[in-house]
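A.B. asks: Provided below for reference: sequence and predicted model.
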Amino acid sequence: MVSLSMVLIWLAFVRGLLPGASAGKPEKTQLYIGGIFPMTGGGWSGGQACLPAALMALQDVNYREDILPGYHLNMIHNDSECNPGIGTNVMYRLIYHPPPKLMLLTGCSSVSTHIAEAAYMWNLMVLAYGSSSPALSDRKRFRTFFRTHPSAVLHNQARIRMFQYYQWSKISIIQETQEVFTSTIEDLEKRAKEANITIATRQSFLSDPTNAVRSLKRQDARIIVGVFYEDMALKVFCQVYKEKMYGNRHVWFIIGWYPDNWYQKVEENDVNCTVDQMREALQGHFTTEMTMRSLDDTPSFSGLNVSQFDEELLIKLNNSDPNDTPGYPEAPLAYDAVWALALALNQTITRLTEKGVNVGLDKFTYDNSTIFREFYRAMDSTSFQGVSGPVQFLSTGDRLTLTQIEQMWDGRYYKIGYYDNKNNNWTLNHSIVRWNGPHPPYDRTLVVEDLRLVSMELYVGMCSSALVAMLAAFGCLVFNVLNRNVRYITMSQPGLNNIAVLGCITCLSCIFLFGLDNSSLSEDQFTAICQARTWVLVVGFTLAVGSMFSKIWRVHRLTTRAREEDKVVEAWKLYALLGLFLAVDVIIMTVWQLTNPMTRYLEEFPQEVPEGSDDIVIQPKLEHCTCDNFTIWLGVLYGYKGLLLLFGVFLAYETRDVNIKDINDTRYVGMSIYNIVVLCLITAPVTILISSQQDATFAFTSLAILFCTVITLGLIFIPKIMNYKQKSIEETSQPLQAPGVTQEEEEKQKRLQEENDTMKKQITQKEERIRELQKSLKELLKEGQKMTNTFLAPPGVGRLQATGNNFTRLSASSMASSSAVSSYASNATEVFEEVLDTPPPKYRGKAPSISFDVGNETIERVPDHVMLPTVKVTLSDEPAEDGGQFESFL
């Protein structure tokens, strides 16, 4: 094998570095290109290595006889300082100072953007060796732009693949405010959206990254992509160290075209961190960069392989440390850029000759579109193997290449994989990848949902108690049904008691529903349970309370109505009242469910950080059944049920001392209503206050239901059961006979009741007669206001006239006796002094009156306590056949 030194000697001989190499050769036509290199400046000064590589390529091209035969390619270059303004000024000087330049070589994206946008106006193509801005891929804006440096969007494809591989679905971004980085991040956001990756936050800065890094910390950024130039990278990671945003909780992805020792340049960049601090902050971070050197030692089109190129470049750089030379990684791109334009110019000559255009490349002018068009087509179709790898341009002027992924560990970069952008696949050496913790960091603080569930022990205990109570209620129901013909049971309205028992059982079943949660149910099933809870509790409450309300209402009606017919309450009315209550429940619940159905709502509580974990927080949550207008609907139900209970309490109080044989458990029913009201008044507000405590809420609600139902069942049925046990089977089996009452007493009571009813009817008739007489009295009183009142006597008696206090006979018939024809001129007060010791039997016990009997001339005096001077005159004559008595009142 030929040694490397012999190859270099041969190349030097070919290029004419040895004496006599160029003797006798004819003079060549000079061609010129313009070079714009960032040699200095605060941004990227990659021209320090790229310019020597470009000059080395010019040498290799000029000493190749098969490339540009008869031409010698020269380059006029200047420093752009990576400043768009200075770079544009350099372009104008290159254009307007002869000789004409066939093409412009540029580096630094911000400079290339301005030059490439204007170059087409002079029929100039721009070839960039160090511009990665994705914006330069816009063919409508940059019509004549090509580049050997791949677009930065190729970084993004590799980054997205890494995110997906490690299942990072949330990332954060920090960037320097430069167009190259802005367009790169815009492309990353687009690709992340397509991959369902969330951009949690995007921070940018101009010169000081302090606030941007602090903002990332506040946003709990874990997987962070940073795009900035080398000098800003030092400032960023110094602040990262100060904010402690590194280690086992964070992963950083940055640009990979910095020198390997870039983090050591803290003093010259005035960074307030030591090298060790920077190394600590950078431990484990990843870089992505385009492969700028061929992955194997296959010779390139120029004849050099990568190793030979690096050795010769080091000679050009005076054997200085590559890590101290900016642009050293991009040097192969500058070398291949010169070869690409040389091959394109060489192909242009062929194209012009084939088309019969006898114009040399030296005749190119800025308004010569013929040479420009052929040159553009040749560049667009250029393809060769360079020292940086295969060189071929897309329709956008971009170049596809592999993306290299590296990781820093202990201050050194290790290649861990490659991403093939052309074939969309990658290779990753997992054995090399290391983490600061036991596993790859999480892309966010892992929020572990802790669904607060009812304690299983509490649920089992309450359900067991409810089951026992339901069995007891079922036993009461069986007892009530089997002994329904026993008088003591019959007189307590057993049908309503049975309904009350069913209502209690229904309410007890709610305890099973209240304890169910999402641990055993799906979301749809839980929503159905929400609806069922409300329906079951509402209906059970109405059955239990409504039946007791009906009984107490009947008692109240029997004891407060005066008329016998108003006291009668048929049994069907009691059940109809209960049905009315149920109908109201159904209407309210149906409207509620159709308009605002109950759904599952998760209440979130403050997060809790478990001990010994920085990546995990506990998010407590609690399930609730609710809807949009839950408070309103709850108020409607509470209002309706509250009125029912309030009225029930009133009726129970009104009938507290009543004991009716038809309903012999009235007092116990009233006590049950008192118990339910008290427990409801306590339970309703308390459960609202403790709704965020699942165990307390479940326990309090379950106990309230248990107490209400058990106490109600006990008050209604325990006395009946005890009474049943105390009586003999013969006594208790007699139908329709109250305990302790004999048959004779029963018949006697029945007779007394009949006599009482008869007397009531007679009293009613007398009262009716009194009302008629009172009506006649009112009419006569109206006539008594006249000065003269005339009394018409029966036939044969005549007519008397009373004037003032005097009574005078006016006329008398022939049939009247002489005693009846008298004239009384004395004062009425004197006449009234004659008082009968005993009035006629007919008028005993009647209203105070004065009787004047013509036959026996008798006057009855008005008692002193009568305020109204009422005069009652009675005229009678025995001979008168149709006479008798005449009664009149004044």
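C.D. replies: Perfect, thanks for sending it.

A.B. asks: mind showing which ranges of this structure have poor pLDDT?
C.D. replies: Filtered on pLDDT under 70, the chain yields the residue ranges 1-26, 42, 518-519, 559-571, 612, 614, 656-665, 727-748, 782-890.

A.B. asks: check it for its longest strand and report it.
C.D. replies: Ordering each strand of the chain by length in residues (DSSP state E) puts strand 616-626 first.

A.B. asks: what lies in contact with it?
C.D. replies: Residues from elsewhere that reach strand 616-626, judged by C-beta atoms under 8 Å, 6 or more residues apart in numbering: 445-452, 517-518, 526, 529-530, 533-534, 598-610, 691-692, 694. Yep, even glycine has a C-beta here, placed from its N, CA and C like the rest.

A.B. asks: pull the CA atoms of it into CSV?
C.D. replies: C-alpha atoms of strand 616-626 as CSV (Å, rounded to 0.1, in the frame of the first residue of the first chain):
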residue,chain,number,x,y,z
ILE,A,616,-43.9,12.4,40.2
VAL,A,617,-46.7,14.4,41.8
ILE,A,618,-50.0,13.0,43.0
GLN,A,619,-53.1,14.7,41.6
PRO,A,620,-56.0,13.8,44.0
LYS,A,621,-59.4,13.7,42.2
LEU,A,622,-62.9,13.0,43.5
GLU,A,623,-65.9,12.0,41.4
HIS,A,624,-69.1,13.9,41.7
CYS,A,625,-72.5,13.6,40.0
THR,A,626,-73.5,17.0,38.8
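
A.B. asks: after it, next one along is what?
C.D. replies: helix 630-654 (DSSP states H and E).

A.B. asks: C-terminal to that following helix, what's the next element?
C.D. replies: As assigned by DSSP H and E, the chain's next helix or strand after helix 630-654 is helix 666-689.

A.B. asks: got the angle for that next one vs helix 630-654?
C.D. replies: Counting by axes from the mean of the first three to the mean of the last three C-alpha atoms, to 10 degrees, helix 666-689 lies at 160 degrees to helix 630-654.

A.B. asks: which strands and helices lie in contact with helix 666-689?
C.D. replies: Under the contact definition 3 or more C-beta pairs under 8 Å, 6 or more residues apart in numbering; DSSP states H and E, helix 666-689 sits against helix 523-560, helix 630-654, helix 694-726.

A.B. asks: burial count for the residue nearest to residue 513 when sequence neighbours are not counted?
C.D. replies: Ranked by C-beta to C-beta, 6 or more residues apart in numbering and with sequence neighbours excluded, the top spatial neighbour of residue 513 is residue 533, at 4.7 Å. Number of residues near residue 533 (other C-beta atoms under 10 Å) recorded here: 17.

A.B. asks: what sits against residue 533?
C.D. replies: 510, 513, 514, 625.

A.B. asks: may I see the PyMOL selection of the buried members of the contacts of strand 616-626?
C.D. replies: The PyMOL selection below is limited to those of the contacts of strand 616-626 classed as buried (16 or more other C-beta atoms under 10 Å):
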select buried, resi 445+452+517+518+526+529+530+533+534+598+599+600+694
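
A.B. asks: next up, the contacts around residue 345.
C.D. replies: Contacts of residue 345 (C-beta under 8 Å, 6+ apart): 31, 68, 71, 73, 102, 361, 375, 378.

A.B. asks: give me the element it is part of.
C.D. replies: helix 331-354.

A.B. asks: mind giving me the packing neighbours of the biggest helix by length in the chain?
C.D. replies: The residue-count maximum for a helix in the chain (DSSP state H) belongs to helix 743-783. Contacts defined by 3+ C-beta pairs under 8 Å, 6+ apart place helix 743-783 against strand 886-889.

A.B. asks: look up how far residue 702 lies from the closest residue to residue 255 other than its chain neighbours.
C.D. replies: Leaving aside its chain neighbours, residue 255 sits nearest to residue 227 (6.1 Å; criterion: C-beta to C-beta, 6+ apart). Computed with C-beta to C-beta, to the nearest Å, the distance linking residue 227 and residue 702 is 60 Å.

A.B. asks: and residue 726, by the same measure?
C.D. replies: For residue 726, the distance to residue 702 - C-beta to C-beta - is 35 Å.

A.B. asks: please apply the same query to residue 245.
C.D. replies: As judged by C-beta to C-beta, residue 245 and residue 702 stand 50 Å apart.

A.B. asks: ok, now residue 148?
C.D. replies: Residue 148 is 78 Å from residue 702, where distance means C-beta to C-beta.

A.B. asks: who's more crowded, the two?
C.D. replies: The residue with more neighbours, out of residue 148 and residue 702 and counting by other C-beta under 10 Å, is residue 148; that gives 31 against 24.

A.B. asks: my guess is the more buried one contacts residue 126. True?
C.D. replies: No. The pair residue 148 / residue 126 is not scored as a contact, 11.9 Å apart, by C-beta atoms under 8 Å.

A.B. asks: what residues of stretch 406-423 count as buried?
C.D. replies: Buried, per 16+ other C-beta under 10 Å, within stretch 406-423: 406, 407, 408, 409, 411, 413, 416, 417, 418, 419, 421.

A.B. asks: partner residues bridging the second one?
C.D. replies: Read it as residue 407. According to DSSP bridges, residue 286, residue 414 are recorded as the beta-bridge partners of residue 407.

A.B. asks: who are the neighbours in contact with it?
C.D. replies: 284, 285, 286, 287, 413, 414, 416, 432, 433, 434.

A.B. asks: I'd assumed residue 442 was in contact with residue 248.
C.D. replies: No. Using C-beta under 8 Å, residue 248 makes no contact with residue 442, being 10.0 Å away.

A.B. asks: who's more crowded, those two?
C.D. replies: residue 442 (20 against 16).

A.B. asks: show the contacting residues for that one.
C.D. replies: Counting by C-beta under 8 Å, 6+ apart, residue 442 has contacts 222, 249, 615.

A.B. asks: contacts for whichever helix or strand residue 378 is part of?
C.D. replies: Applying DSSP H and E as the criterion places residue 378 in helix 369-380. By C-beta under 8 Å, 6+ apart, the residues outside helix 369-380 that reach it are 102-103, 123-125, 127, 144, 146, 340-341, 343-345, 347-348, 351-352, 355, 357, 359, 361, 363-364, 393, 395.

A.B. asks: filter the residues you listed to the buried ones?
C.D. replies: Neighbour-count burial (16+ other C-beta under 10 Å) applied to those gives 102-103, 123-125, 127, 144, 146, 340-341, 343-345, 347-348, 351-352, 361, 364, 393.

A.B. asks: now do the contacts for residue 31.
C.D. replies: Neighbouring residues of residue 31 by C-beta under 8 Å, 6+ apart: 68, 71, 72, 73, 74, 102, 345, 361, 362.

A.B. asks: would you verify that it is located in a strand?
C.D. replies: Yes. Assessed by DSSP: H, G, I helix; E, B strand; the rest coil, residue 31 belongs to a strand.

A.B. asks: run through the bridge partners of it.
C.D. replies: Applying DSSP bridges to residue 31 yields these beta-bridge partners: residue 73.

A.B. asks: what about the strands in the stretch 451-600 of the chain?
C.D. replies: Taking DSSP state E, counting those that start in this stretch as the criterion, the stretch 451-600 of the chain carries its strands at 599-604.
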